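Visitor: here is my input, please return the structure:
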Amino acid sequence: MMPEIAKRVEIVCNPSILNQGNDRGRLLFLRHEQVDIRKVAVCRVLINAGFQVSQAFQQNGLDSDSVQHGYGGFQFVENCLVSLAIGGFDRLQEIGDVRGQRAEEVQGLELAVQEGQEGFVRCGLAESLPVPGIAANGRLDCGAQGFPSEPPPAAGHENERRLPVAQKERFRGVRIFDISDIKNPKQVAAVQTCRGSHTHTLVVDPNDKQNVYIYVSGTSFVRQPEELAGCSGEAPEKDPNTALFRIEVIKVPLASPQNAQVVSSPRVFIDARSGAVNGLSNGGTHGATDEERKAEDTNQCHDITVYSAVGLAAGACSGNGILLDITDPVHPKRVDAVNDPNYSYWHSASFSNDGTKVVFTDEWGGGLGARCRATDPNVWGADAIFNLNNDKLAFASYYKMPAAQGDTKNCVAHNGSLIPVPGRDIEVQAWYQGGVSIMDFTDAAHPFEIAYFDRGSIDPNVLVLGGEWSAYWYNGAIYGSEIARGLDVFELTLTKFLTQNEIDAAKSVRVADLNVQNQQKIVWPASLVVAKAYLDQLERSQALPADQIASLRNAIKSAEESHMSQGRVATLKGMAASVEQSAGSAKSPADAKRLHAFADLLKHPTA
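Guide: Have a look, this model is predicted:
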């Protein structure tokens, strides 16, 4: 379903603009010829498509070097955006208030050499920053010299995969930095793992105030035991202690993070009946050859999202989506698993705020290819939405950005987060050069796009790696990690699918930190701003009669204009009972929840 969206773009700044046609019929490609990377380049573009590009932080130029060192994953710590480059440098940026009309100073500084091919920073503590390391050139001393060149292969063995020569100084795992002085981070621990850390997830146990935990997803080759004792890449029938088919759990004492260490290696793919550690399979997937289509055992997770408020984690584990019970964070236990022949590589996951749905993504092609073309099936490289009930996943539907992209745009489902609009399940998501798409999945069986940002091609003639890697909502704005040019910042705008009251209610949710993979429960203030958002939704779905909607609007307006006088507040409280009664005959579960929530706000209204 394509939303009815005007195609006018109003540019209200005058940077150097390079316009190129995109796949949604608009000119929306921005490039600054020269940009000081320590400052935000101001570009305010109003788009009648649910977005407003309020600022763009761009690296100078779009050559291969800028692409190679583009931005990867990031998160927010006390108004500081911490981003990791793809094969480049880590960077800290003070983001300031991006909601205003003017440019904000962005302070950038190099943090550390990033050994990984991809960066997924996970910090949820005010003074601790775990950083992943997966590639073979990382050193314990953080040196940039790497290691001596590998000896040439023996004759006749040129095409065989070889492990690098064992090096005691090699580092592959998780580094932990003290960021109490965020401009002068100091490494305090380097925890080695057998497969490095492609991604890792911070886990906070509500019952443990002394420690935090890190779930490590290693996806690389297993290093040799001569380099790290206990590592084995053998099949489980040859070595039951293989480093495959598991994750690692690191315990970090808050009072002494230098003592961080691996405390368990859970076998999350085990067959509970037989005890086989290789108990899960992708069940076979799509591909051009029989070899590509055959079933394979799942031996790694790419990404794990924890939701401590509900005691669960969702793992996107290459060949499967899995659900983990994390009430004992040191010993997570798999409670369900799903596979799908339409899925090539289970990449990431997120929960709905109420914990009744899980959205998994499929990174078909690894993000390097054009996978959103008109000829590509809509169920490949897409989101899969599952209902979650009693710790069991039930498939509901797929979602793929509805606008077909060209052959020169790498595009597939990638990283996103919830947008805190009360009464709805809304996710903003990056699609590489497909741009950004915002999906409403309140009805899990019928997700649809409510807004988008179309990036345009880097080069209309040849595919050049770029586009939005991650798109996360944080305190009123959407931050897009754009591989080719840096950081994009967006704001929501009014459309037929999103009212100003809903946008204002979303902006009323403020958090100090945001760690998307350590998902926190969203709690809205008990304010009339939120009540008006619910009322707009009830009007949209016709859950209340038009005359009752009008009466409620007038009562709320009168209460606000009277500065919440006792009489006006009493009027609101008196209207709560009839709203509550309507919930019993609501046409949908979503409307029933909205009516209950709206009635509660009327009973205890605040400005």
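
Visitor: so which elements touch the host helix or strand of N387?
Guide: N387 is part of strand 383-389, with elements assigned from DSSP states H and E. Here strand 383-389 touches strand 320-325, strand 357-362, strand 392-399, going by 3 or more Cβ pairs under 8 Å, 6 or more residues apart in numbering; DSSP states H and E. (Glycine included, C-beta is placed from N, CA and C.)

Visitor: try it again with 10 Å
Guide: If contacts are counted by 3 or more Cβ pairs under 10 Å, 6 or more residues apart in numbering; DSSP states H and E, strand 383-389 sits against strand 312-317, strand 320-325, strand 333-338, strand 346-351, strand 357-362, strand 392-399, strand 426-430, strand 436-440.

Visitor: pull up the pairing partners for that strand, direction included.
Guide: strand 357-362 (antiparallel), strand 392-399 (antiparallel) (DSSP bridges).

Visitor: can you add mean neighbour count, mean pLDDT and distance to A374 and give these back as a markdown table?
Guide: What follows is the strands paired with strand 383-389, written out as a markdown table (neighbours: other Cβ atoms under 10 Å; pLDDT from 0 to 100; distance: least, Cβ to Cβ, whole Å):
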| stretch | mean neighbour count | mean pLDDT | distance to A374 |
| --- | --- | --- | --- |
| strand 357-362 | 27 | 98 | 18 |
| strand 392-399 | 18 | 98 | 17 |
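
Visitor: what's the closest of those strands to V204?
Guide: strand 357-362 (19.7 Å; Cβ to Cβ).

Visitor: just the angle between that closest one and strand 436-440, please?
Guide: 150 degrees (axes from the mean of the first three to the mean of the last three Cα atoms, to 10 degrees).

Visitor: and strand 357-362, how far from the chain's centre?
Guide: Centroid separation for strand 357-362 versus its chain: 11 Å, with Cα atoms, centre = their mean, to the nearest Å.

Visitor: N410: which of the helices and strands packed on strand 383-389 is closest?
Guide: strand 426-430 (11.6 Å).

Visitor: CA-only coordinates of the closest one, as PDB, when you get a sec.
Guide: This file holds the C-alpha atoms of strand 426-430, laid out as PDB (Å, rounded to 0.1, in the frame of the first residue of the first chain):
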ATOM      1  CA  ILE A 426       5.500   2.100  14.900                       C
ATOM      2  CA  GLU A 427       9.100   1.400  13.900                       C
ATOM      3  CA  VAL A 428      11.600   3.500  11.900                       C
ATOM      4  CA  GLN A 429      14.000   1.400   9.900                       C
ATOM      5  CA  ALA A 430      17.000   1.900   7.700                       C
END
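
Visitor: give the buried residues for it.
Guide: The neighbour-count check on strand 426-430 (16 or more other Cβ atoms under 10 Å) flags 426-430 as buried.

Visitor: tell me the mean pLDDT for it?
Guide: In this model, strand 426-430 has a mean pLDDT of 97.

Visitor: and stretch 265-279, by the same measure?
Guide: Across stretch 265-279, the per-residue pLDDT values average to 97.

Visitor: same question for stretch 496-510.
Guide: 96.

Visitor: for it, measure first residue to last.
Guide: 25 Å (Cα to Cα, to the nearest Å).

Visitor: mind listing what's buried along that stretch?
Guide: Quick answer for stretch 496-510 (16+ other Cβ under 10 Å): 497-499, 501-509.

Visitor: mind giving me a markdown table with those residues and columns for distance to D536 and secondary structure?
Guide: Compiled in a markdown table, the buried residues of stretch 496-510 are given as follows (distance: Cβ to Cβ, whole Å; DSSP: H, G, I helix; E, B strand; the rest coil):
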| residue | distance to D536 | secondary structure |
| --- | --- | --- |
| F497 | 11 | coil |
| L498 | 9 | strand |
| T499 | 4 | coil |
| N501 | 5 | helix |
| E502 | 6 | helix |
| I503 | 10 | helix |
| D504 | 10 | helix |
| A505 | 9 | helix |
| A506 | 12 | helix |
| K507 | 15 | helix |
| S508 | 14 | coil |
| V509 | 17 | coil |
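
Visitor: just name the closest of these to V306, please.
Guide: V509 (20.0 Å).

Visitor: skip the chain neighbours and tell me the closest residue to the closest one.
Guide: Spatial nearest neighbour of V509, chain neighbours left out: P420 (4.2 Å); criterion: Cβ to Cβ, 6 or more residues apart in numbering.
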